[in-house]
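Visitor: have a look at this fold, sequence not included:
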């Protein structure tokens, strides 16, 4: 797993690590039994403080997602992946993303649009469940 830190994101660095591990668990990129990179490897890759990495790993451990094994590393205990019956969803999203970038949208524009559409769709779904 390769971590990416966005220092302009306004999100604490340890939470960026936690969120990236959670995303990898949800997408199935990380599987039960996989070993997370050592704190030293993450520090070398991202130039962040080792305590930041350890804080992120402790939070993941508290959530029951990983387990630290002294002398061996930190291992995935539980997946967050759910079966996806429609692989075309990712293909459609990738095509949309290419169009968004070609239209000149930056990361913040794309994130805002995705969150807005997601929240509206979820709100509509919840309204439909209560009818």
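Guide: The structure has been received and is ready for your questions. Values in this document were obtained by computation on a predicted structure and should not be read as measured data.
Visitor: mind giving me the domain ranges of the chain?
Guide: Domain assignment for the chain by automatic domain parsing gives 13-76, 88-129.
Visitor: format those as CSV; extra columns: mean pLDDT.
Guide: Below are the domains of the chain laid out as CSV (pLDDT from 0 to 100):
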stretch, mean pLDDT
domain 13-76, 96
domain 88-129, 88
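Visitor: buried deepest among these, which one?
Guide: Among the domains of the chain, domain 13-76 has the highest mean neighbour count (mean count of other CB atoms under 10 Å), at a mean of 16. C-beta here means a position set from N, CA and C on the backbone, and glycine is covered the same way.
Visitor: roughly how far is it from the heart of the chain?
Guide: Its chain's average C-alpha position is 11 Å from that of domain 13-76, according to CA atoms, centre = their mean, to the nearest Å.
Visitor: next: stretch 99-110.
Guide: That offset, for stretch 99-110, works out to 20 Å (CA atoms, centre = their mean).
Visitor: wait, doesn't residue 35 sit right on residue 77?
Guide: No: judged on CB atoms under 8 Å, residue 35 makes no contact with residue 77 at a distance of 11.7 Å.
Visitor: roughly how far does the nearest residue to residue 72 once chain neighbours are set aside sit from residue 50?
Guide: With sequence-adjacent residues excluded and distances taken as CB to CB, 6 or more residues apart in numbering, residue 72 is closest to residue 35, at 7.9 Å. Taking CB to CB, to the nearest Å as the measure, residue 35 falls 17 Å from residue 50.
Visitor: cool, residue 36 as well?
Guide: Distance from residue 36 to residue 50, by CB to CB: 14 Å.
Visitor: same question, residue 31
Guide: Residue 31 is 26 Å from residue 50, by CB to CB.
Visitor: again, but for residue 79
Guide: 27 Å.
Visitor: OK, contacts around residue 38?
Guide: residue 73 (CB atoms under 8 Å, 6 or more residues apart in numbering).
Visitor: can you give me the strands for this protein?
Guide: Assigned strands in the chain, in chain order: 66-69, 73-76 (criterion: DSSP state E).
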